[in-house]
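>>> Here's my sequence, what's the structure:
(2 chains)
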Number of protein chains: 2
Amino acid sequence: MPDELIPIAGNGLLNRRSLLKAGIVMGSVGALPQANAQGQLRPIWAQSPGAGVSGYGQPSAHEAHVQRGAFSLQVGTNGSGASRSPLQHLRGTITPNGVHFERHHSGVPDIDPEQHSLTIHGLVDRPLKFSVNNLMRYPMVSSIKFLECSGNSGVNLRPEPAKLDCANIHGLVSGSEWTGIQLSTLLDEAGIQSQAKWVIAEGSDAAKMNRSVPLDKMLDDAILAFYQNGERLRPEQGYPMRLFLPGYEGNASVKWLSGLRLSSQPAMSRQETSKYTDLLKDGRSQMFTFPMQIKSVITSPSPGLSLAGKGFYEISGIAWSGQGSVKRVEISADGGRTWAEAELDGPVLPQALTRFRTAWQWNGGACVLLSRAYDDHGVQPTRAELLAARGEQFFYHYNAIQSWQVNGNGSLENCYA
Amino acid sequence: MPDELIPIAGNGLLNRRSLLKAGIVMGSVGALPQANAQGQLRPIWAQSPGAGVSGYGQPSAHEAHVQRGAFSLQVGTNGSGASRSPLQHLRGTITPNGVHFERHHSGVPDIDPEQHSLTIHGLVDRPLKFSVNNLMRYPMVSSIKFLECSGNSGVNLRPEPAKLDCANIHGLVSGSEWTGIQLSTLLDEAGIQSQAKWVIAEGSDAAKMNRSVPLDKMLDDAILAFYQNGERLRPEQGYPMRLFLPGYEGNASVKWLSGLRLSSQPAMSRQETSKYTDLLKDGRSQMFTFPMQIKSVITSPSPGLSLAGKGFYEISGIAWSGQGSVKRVEISADGGRTWAEAELDGPVLPQALTRFRTAWQWNGGACVLLSRAYDDHGVQPTRAELLAARGEQFFYHYNAIQSWQVNGNGSLENCYA
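The predicted model follows:
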């Protein structure tokens, strides 16, 4: 290793500024390009004009492998279930709408916006029914937020580490710019009665998926979302409108929203009793555990990718917290013995994906990579700590540190370090 | 108008906080929903399970009109030219990749990333050639930035206002999260010789589009971009890689990048001599006028949309500056006689689209809407001021205040107020 490379933790983690001084060169030193007046040396694609403009573009055919994957389908349905974002192939903090993760409880309804409406009823002074067109006239706000299914990463509760790729283990999280009406505006118009403490949100899918949301959350930062990354919601994300609850488990951000019923009590519906509850060590269940905790995952390198020989790489990943902003991320390349602080791409936004990264010189040997993120509430637990605290019967809100085993041949796999 | 509505400028511009107090209600007061145990009253789409998960999602068929449009095609080509973002149908600050504007000079090449490379040569110590795979190992940074063609909005130089929609007039601007390698990293590896002042960037399309970029800009904040909004660049945006120069006219961010030649002089190529220069009043031309100036446009309402009767609306639009951050946006609903300060959705990022908005009570009468944005260098000029300063023979870098005529029937059209 050249003298200029300053290690900041064990097994090749480097101070990135020193990279420049070290003259790490992955380009080949070549001859000057030849004059090429006749164009014979041009690549085939530059020998004649290319394709024209188009109305709605698509990814390159060379990127056809970058798809939502790891489908979890429910037996007996025609495709209900989940699909996951291909995290190991993405970079940055925005997830393209085409590969935002999906979770449906009775498939994707084909809703005609002219026939759809939102009714606000229950403990209100004035029950109100809104057409989509009327709602589109209201003030809207935009912000970049993550959405995560509370079942994300739960596969890591298995006794042995599942040999799945990064998307399959952690791909039920995505990041978008969401734009919509502040729920407080609409609830204020309906007139909230003093006994109201909960709002039962109901979707217009065949499952009539519903969840109970604390009224305080609705008044704080909930929005009725119409746009995702600038365009109208995709059908699988709730077109023409969905509830969006920053930092809360995804299931509560009810899609295809058609009703909001104000109530003094939660609905105690299927999705908050038999599902989306946290089984405790003593056999009781904790309900309404909405916020997603601090979490991170190294996406590159990760299972689904491989290293092409020893040498320089950037370790890159995403961190997020439903309870505020990511304060710090640390990376280890030696199985957790030593840690280096990662760089964060700014601006670091609350309840949004944050991209972290660190320079790394791989010596070609087997090793274990880990990341751990911090927010104002603390640091991600190890898997052992999480199991000790919560028992082994829970499923939702798994946020332990992820370890990736790097093998000498450059392949990667899930491991419990 | 209820007493609680506090006007902040003429013709219905309102303090948004007062909207809540005013009890503006666009929902209809309705009866409570009926019990529906048999499900007969369910909408058709909720009567049976919907579609399943998918690999790469698409917009709703009900949004099929939201496409790039206003194609400007070059005669004799198979589709080279420009397509524009449908600004009046978008909301927020991110433009989905499918409708990011396009500008091609010889169509979209179908580049095989395995066969593509980048050569850095000219006034360097070590000419270097990089494969795409090797470049993918380098450190990358992400940031949200706009991209605007310097010919955007030039149609407003016509003596009479063109009766085109908002996209057609202003749609050569879009916003994305761009991720790539800092050019300074790669140039440092090649070794910059002291005589080098310019970098000639060349694309691998059939036009071999090239532009000369000041070396200082390359070292300051230029990136070699691989990802847009999280996924690999779309073919029409330069797949597998492009130059990206924050705040500069779009043409200089050369797509399908294959070469960077360091030079003591600019190349004086077609795209910087016969095109992309600013003709001055005295007949001389100003060259290398890269930064895009402060600008704004009201996207809703705007031509291409219409108002559905008098009453409440939100006026919403985008503002941007290639020379820093948007400091302030003002809106007028009375043809420029009085102005109200608009709200800005944060975070306001440098060289990024900024969403502004103001509450508005339309009285149903004809009127003229305008927006004007400020950055650290000042405010947008009026059209008359711009023409007085620059003459009537220029074409690029048109950034005057846009006026929209609202007609009594709710239609909108371009006007010169």
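
>>> for chain A, what helix or strand is lowest in average pLDDT?
Least confident helix or strand, chain A: helix A:17-22 with a mean of 57, by mean pLDDT, DSSP states H and E.

>>> low-scoring stretches of the stretch 1-150 of chain A, by residue?
A:1-5, A:16-25, A:29-40 (pLDDT under 70).

>>> what are the ranges of the strands in it?
Under the criterion DSSP state E, counting those that start in this stretch, the stretch 1-150 of chain A contains strands at A:7-9, A:13-14, A:28-29, A:69-73, A:81-84, A:102-104, A:117-122, A:128-131, A:141-148.

>>> Neighbouring strands - and their directions - for the fourth one?
According to DSSP bridges, strand A:69-73 forms sheet pairs with strand A:81-84 (antiparallel).

>>> again, but for the first one
If you go by DSSP bridges, strand A:7-9 pairs up with strand A:13-14 (antiparallel).

>>> And the contacts of the partner strand?
With contact meaning C-beta atoms under 8 Å, 6 or more residues apart in numbering or on different chains, strand A:13-14 is reached by A:5-8, A:315, A:331-333, A:338, A:340, A:358-361. Just so you know, the C-beta spots here come from the backbone N, C-alpha and C atoms, and that holds for glycine as well.

>>> ok, 6 Å please
Under the criterion C-beta atoms under 6 Å, 6 or more residues apart in numbering or on different chains, residues A:Leu5, A:Ala333, A:Ala340, A:Thr358, A:Ala359, A:Trp360, A:Gln361 lie in contact with strand A:13-14.

>>> now stretch A:222-238
For stretch A:222-238, contacts defined as C-beta under 6 Å, 6+ apart pick out A:97, A:102, A:108, A:176-183, A:239, A:241-242, A:244-245, A:255-256, B:57, B:60, B:63, B:90-92, B:94-96.

>>> so where does the residue nearest to A:Pro161 when sequence neighbours are not counted fall, helix or strand?
Once flanking residues are discounted, A:Pro161 sits nearest to A:Asn414: 4.3 Å by C-beta to C-beta, 6 or more residues apart in numbering or on different chains. Assigned by DSSP states H and E, A:Asn414 falls within strand A:412-415.

>>> how distant is that strand from the center of its chain?
20 Å (C-alpha atoms, centre = their mean, to the nearest Å).

>>> what sits up against it?
Residues contacting strand A:412-415 (C-beta under 6 Å, 6+ apart): A:Pro161, A:Ala162, A:Lys163, A:Pro301, A:Ser302, A:Pro303, A:Ser403, A:Trp404, A:Gln405, A:Val406.

>>> Can you select the buried ones from those in ChimeraX?
Here is the ChimeraX command that selects the buried residues among these (16 or more other C-beta atoms under 10 Å in any protein chain shown):
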select /A:161,301,302,303,403,404,405,406
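
>>> Pick the one among the contacts of strand A:412-415 closest to A:Thr119.
Using C-beta to C-beta, A:Ala162 comes nearest to A:Thr119 of those, at 42.9 Å.

>>> Ignoring the adjacent residues along the chain, who's closest to that closest one?
A:Val155 (5.0 Å).

>>> Does the one you found touch A:Asp165 like I think?
No. Using C-beta atoms under 6 Å as the test, A:Val155 is too far from A:Asp165 to be in contact (11.3 Å).

>>> And these two? Which one has more around it.
A:Asp165 (23 against 18; other C-beta atoms under 10 Å in any protein chain shown).

>>> Show the model's pLDDT score for that one.
A:Asp165 carries a pLDDT value of 97.

>>> Next up, the contacts around it.
Per C-beta under 6 Å, 6+ apart, neighbours of A:Asp165: A:Pro303, A:Gly304.

>>> That one and chain B: what is the separation?
A:Asp165 sits 15 Å away from chain B when distances are taken as C-beta to the nearest C-beta, to the nearest Å.

>>> same deal with A:Ala359?
From A:Ala359 to chain B the distance is 6 Å (C-beta to the nearest C-beta).

>>> On the three-state scheme, that residue is what?
strand (DSSP: H, G, I helix; E, B strand; the rest coil).

>>> now swap in A:Leu387 and tell me
helix.

>>> closest to chain B among the contacts of strand A:13-14?
Nearest to chain B among the contacts of strand A:13-14, counting by C-beta to the nearest C-beta, is A:Ala359 at 6.1 Å.

>>> Report pLDDT for the closest one.
95.

>>> Dig out what it forms beta bridges with.
Note on A:Ala359: beta-bridge partners by DSSP bridges are A:Leu14, A:Glu314.

>>> does A:Pro347 really touch B:Pro350, like I thought?
No. Assessed by C-beta under 6 Å, A:Pro347 is found out of contact with B:Pro350, at 10.5 Å.

>>> what sits against A:Leu123?
Neighbouring residues of A:Leu123 by C-beta under 6 Å, 6+ apart: A:Gln193, A:Gln195, A:Ala196, A:Leu262.

>>> The first one - nearest residue in space that isn't next to it in sequence?
Put plainly, it is A:Gln193. A:Leu123 (4.1 Å).

>>> burial count for A:Ala342?
27.

>>> Output stretch A:340-350 as CSV - backbone C-alpha positions only.
Only the C-alpha atoms of stretch A:340-350 are listed here, as CSV (Å, rounded to 0.1, in the frame of the first residue of the first chain):
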residue,chain,number,x,y,z
ALA,A,340,-14.4,3.9,10.4
GLU,A,341,-16.8,6.8,10.1
ALA,A,342,-18.4,6.9,6.7
GLU,A,343,-19.0,10.1,4.6
LEU,A,344,-22.7,11.0,4.2
ASP,A,345,-24.0,12.7,1.0
GLY,A,346,-25.9,15.8,2.0
PRO,A,347,-28.4,17.1,2.6
VAL,A,348,-29.2,14.6,5.3
LEU,A,349,-32.9,14.8,5.5
PRO,A,350,-35.2,13.5,8.3
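
>>> can I get the CA coordinates of the strand holding A:Asn414 in PDB?
Taking Å, rounded to 0.1, in the frame of the first residue of the first chain, the C-alpha atoms of strand A:412-415 are listed here in PDB:
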ATOM      1  CA  LEU A 412     -20.600 -12.100  -1.100                       C
ATOM      2  CA  GLU A 413     -23.100 -13.700   1.100                       C
ATOM      3  CA  ASN A 414     -25.300 -13.100   4.100                       C
ATOM      4  CA  CYS A 415     -23.700 -14.000   7.400                       C
END
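
>>> No further questions, thank you.
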